[in-house]
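>>> With the sequence up front, the predicted model follows.
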Amino acid sequence: MIQFNHVKKIYESNLTHALHDISFVIEDGEFVFLVGPSGSGKSTIIKLITAEERMTSGGILVGDYDLAKLRKRKVPYLRRTLGIVFQDFRLIENRTVRGNLEFAMRVVGSPNKVIKERIPYVLDLVGLSEKADCYPNEISGGEQQRVAIARALVNNPKTIIADEPTGNLDPERSYELMCLLEKINQLGTTMLVVTHERDLVNCFNKRVISIDKGLVTSDMENGLYDYETI
Amino acid sequence: MRRFNFGYYIKEGFHGAGSHGFMTFAAITIMASCLVIMGSFVLLAMNLEHNLNALMAENEFLAYVDDSYTDEEGAQLGAQIGAIENVASYRYITREEALADYVGEVEDDSLYADLPASVLRGRFSIQVTDISQLPDTISQVRAVEGIAKISAALDVANGFVTLRNVTVVIALIMVVVLVVVSFFIISNAIKLATSGREGEIAIMKMVGATNAFVRWPFVVEGILLGLGSAILATLVQWGVYQLLMQAVNVYSHVQLINIIHFEDLVLPLMVCFGSIGLIVGVLGSLITIRKFLRV
């Protein structure tokens, strides 16, 4: 579960009021799109959830973690409950597909036996079993993003947060990727997808939280992307 | 540290050093160069001190036995002189020997042909272990009953001590300066070797790596760089030293300069290079990645 309770965020470096008063609850197992124009505060919400930034006031709960009280040394353990997918994939270039996944499992201290069993399963789930030994620069953008999803998934997180996951993909690959995220969600993982892709949002009939100027402007089940500007 | 992670850190350290080959090569070369320059100064100082000690060992003083003692009685004082701590060796010179030495030194020895040996005193020629303690040793010898007079070139002894002290101080200053300079050069070299890894570290942090997990492979990499540099520096130092030894032996026909064999120096040198390499390698890595960990 992710719960925002009257969250306010001001960046001290330039005194930007990124979030004014944000409140929402995402229950376990939900699939939620977070939409809004550029500069609306979507990325700030992601940064607050991953504890990359600290809120100015209000309260945030992510699973069992109360982020207002979260100590710095506990941040890695919070992040292990989340799988994060970025628009620019952020794969380690000098490691193979398998190496990138293995690395994410080493980080959480998984034993060799578990690593050997889990990686083929996850690669199969994202349809990349054949590419296990390729390096990121040897596969397409769509495949790289699927590796990023596999990496986010490999430690069996409760929640996957995808920040503009289709931003660098063509429409067909974007649709395939969103289908993959939906499939993962159906297996029980909570999914929070930040996106600009109007057609995709409208196509999947999921809950949509709209943000504008640091405020929640709408929060609807089976919602639509209702912004004209991107 | 979890047990199954230990092997992983070692593997990652090698992987990190290997995957940034040129930077690793640059860091090792720079660090080894600094170590060789530093090592050269230390070896030079050690050889200077070795030669000075050899020269000082030849410095001796004379202790004259009282007139009333016969040569047999005088020679018996040797036991007491030999028991003095700083006395390295002593030799009793009889009156006859003293006269022969004296006559042998003058040009016209016929003048002394009839001179009886009894006009001279029996004496001890004494060499000391540590020339800086010569005044104390002289006092102790003088206190031996039957010793009438001491003849010692204290000025020369003091000169040697001063020269040795100056050499040691200059060498120490040079080593300290070079250690400080090397540390900056080497930590920059390690910065080079670990530069461009911010992205990698940021990804590690985002997938939930603790600071320790991120840090350990870099520490292992620092250890590898340090040890690699120490081994390279020892080999280069050995080669340079052998060349210098040959040059000194060729140009110094009279064996005035006595060079210490490299085999006698290699172990302390390796320990010294290894320790400096390890400390600088590990510290350099830790300082470099510290700023990347704030993600």
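Yes, it's here.

>>> tell me the centre residue of chain A?
Nearest to the mean C-alpha position of chain A, counting by C-alpha atoms, centre = their mean, stands A:Ile161 at 1.5 Å.

>>> What residues sit buried inside the helix ranked longest in chain A?
Secondary structure assigned by DSSP state H gives helix A:171-186 as the longest helix of chain A. Residues of helix A:171-186 classed as buried by neighbour count (16 or more other C-beta atoms under 10 Å in any protein chain shown): A:Arg173, A:Ser174, A:Tyr175, A:Leu177, A:Met178, A:Leu180, A:Leu181, A:Ile184, A:Asn185. All C-beta atoms are positioned from the backbone trio N, CA, C, and that covers glycine.

>>> wouldn't the fourth one be in contact with A:Pro165 here?
Yes. Using C-beta atoms under 8 Å, A:Leu177 makes contact with A:Pro165 at a distance of 6.1 Å.

>>> pLDDT value on the residue of chain A positioned farthest from its centre, please?
Each residue of chain A has a distance to the centre, and by C-alpha atoms, centre = their mean the biggest one is for A:Lys113: 27.4 Å. A:Lys113 carries a pLDDT value of 91.

>>> Please apply the same query to the one 4 residues further on.
Here the pLDDT value assigned to A:Glu117 is 94.

>>> do the same with B:Asn53
So, for B:Asn53, pLDDT stands at 73.

>>> Up against chain B, what does chain A have?
For chain A, the residues in contact with chain B (C-beta under 8 Å from any C-beta of the partner chain) are A:50, A:52, A:73, A:76-80, A:84, A:90-92, A:94, A:103-104, A:106-109, A:111-112, A:151, A:155.

>>> if we go to 7 Å?
Residues of chain A that fall close to chain B, judged by C-beta under 7 Å from any C-beta of the partner chain: A:50, A:76, A:79-80, A:84, A:90, A:92, A:94, A:104, A:106-109, A:111-112, A:151.

>>> hmm, who's touching the longest helix of chain A?
A:31, A:126, A:142, A:145-146, A:149, A:153, A:160, A:162, A:165-166, A:169, A:191, A:193, A:197, A:200, A:204 (C-beta atoms under 7 Å, 6 or more residues apart in numbering or on different chains).

>>> Quick one: end-to-end distance for stretch B:205-217.
Terminal residues of stretch B:205-217 are spaced 14 Å apart (C-alpha to C-alpha, to the nearest Å).

>>> I'd like the average pLDDT over it.
Mean pLDDT, stretch B:205-217: 86.

>>> just stretch A:101-108 next, same as before
90.

>>> I'd like to check what contacts it. Which residues are they?
Stretch A:101-108 has contacts (C-beta under 7 Å, 6+ apart) with A:80, A:92, A:95, A:115, A:118-119, A:122, A:150-151, A:154-155, B:8, B:204, B:207-209, B:213.

>>> Strands along chain B, start to end?
B:60-65, B:87-93, B:123-128, B:147-151 (DSSP state E).

>>> any low-confidence regions in chain A?
A:226-230 (pLDDT under 70).

>>> picking up where we left off before, which among the residues of chain A next to chain B end up buried?
Neighbour counting with 16+ other C-beta under 10 Å marks A:Thr50, A:Pro76, A:Arg79, A:Arg80, A:Ile84, A:Arg90, A:Ile92, A:Ala104, A:Arg106, A:Val107, A:Val108, A:Arg151 as buried within the residues of chain A next to chain B.

>>> where's the last one, which helix or strand?
Counting by DSSP states H and E, the element that carries A:Arg151 is helix A:141-153.

>>> one step back: now, the contacts of helix A:171-186 that are in helices?
Using DSSP H, those in helices are A:Gly142, A:Gln145, A:Arg146, A:Ile149, A:Leu153, A:Leu200, A:Phe204.

>>> Count the neighbours of the fifth one for me.
It stands for A:Leu153. Using other C-beta atoms under 10 Å in any protein chain shown, A:Leu153 is surrounded by 24 other residues.

>>> I figured it hits A:Leu123, correct?
No. Counting by C-beta atoms under 7 Å, A:Leu153 does not reach A:Leu123; the two are 10.1 Å apart.

>>> contact partners of the helix holding A:Arg151?
Helix A:141-153 is contacted by residues A:83-86, A:89-91, A:97, A:100-101, A:104, A:122-123, A:126-128, A:131, A:136, A:160, A:165, A:168-169, A:173, A:177, A:180, A:184, B:207 when judged by C-beta under 7 Å, 6+ apart.

>>> what is the orientation angle of it with helix A:171-186?
Relative orientation of helix A:141-153 and helix A:171-186, computed by axes from the mean of the first three to the mean of the last three C-alpha atoms, to 10 degrees: 20 degrees.

>>> Now helix A:141-153: buried residues?
Buried, per 16+ other C-beta under 10 Å, within helix A:141-153: A:Gly142, A:Glu143, A:Gln144, A:Gln145, A:Arg146, A:Val147, A:Ala148, A:Ile149, A:Ala150, A:Arg151, A:Ala152, A:Leu153.

>>> for it, the distance to its chain's centre please.
Relative to its chain's centre, helix A:141-153 lies at 12 Å (C-alpha atoms, centre = their mean, to the nearest Å).

>>> just the CA coordinates of that helix, formatted as CSV?
Provided in CSV are the C-alpha atoms of helix A:141-153 (Å, rounded to 0.1, in the frame of the first residue of the first chain):
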residue,chain,number,x,y,z
GLY,A,141,15.0,-0.2,-26.9
GLY,A,142,11.9,-2.2,-26.2
GLU,A,143,14.0,-5.2,-25.1
GLN,A,144,16.1,-3.0,-22.9
GLN,A,145,13.0,-1.7,-21.2
ARG,A,146,11.8,-5.3,-20.7
VAL,A,147,15.2,-6.1,-19.1
ALA,A,148,14.5,-3.1,-16.8
ILE,A,149,11.1,-4.5,-15.9
ALA,A,150,12.7,-7.9,-15.3
ARG,A,151,15.2,-6.3,-13.0
ALA,A,152,12.5,-4.5,-11.1
LEU,A,153,10.6,-7.7,-10.8
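
>>> Flag the shaky bits of chain B, pLDDT-wise.
Across chain B, the ranges flagged by pLDDT under 70 are B:1-4, B:55-58, B:107-109, B:182-183, B:186-187, B:189-190, B:192-196, B:251-257, B:294-295.

>>> Sketch out the helices for it, chain order is fine.
Under DSSP H, chain B gives helices at B:3-19, B:21-57, B:71-76, B:78-82, B:95-105, B:134-142, B:154-194, B:198-206, B:211-251, B:262-290.

>>> Against which helices or strands is the last one packed?
Put plainly, it is helix B:262-290. Packing contacts for helix B:262-290, counted by 3 or more C-beta pairs under 7 Å, 6 or more residues apart in numbering or on different chains; DSSP states H and E, involve helix B:21-57, helix B:154-194, helix B:211-251.
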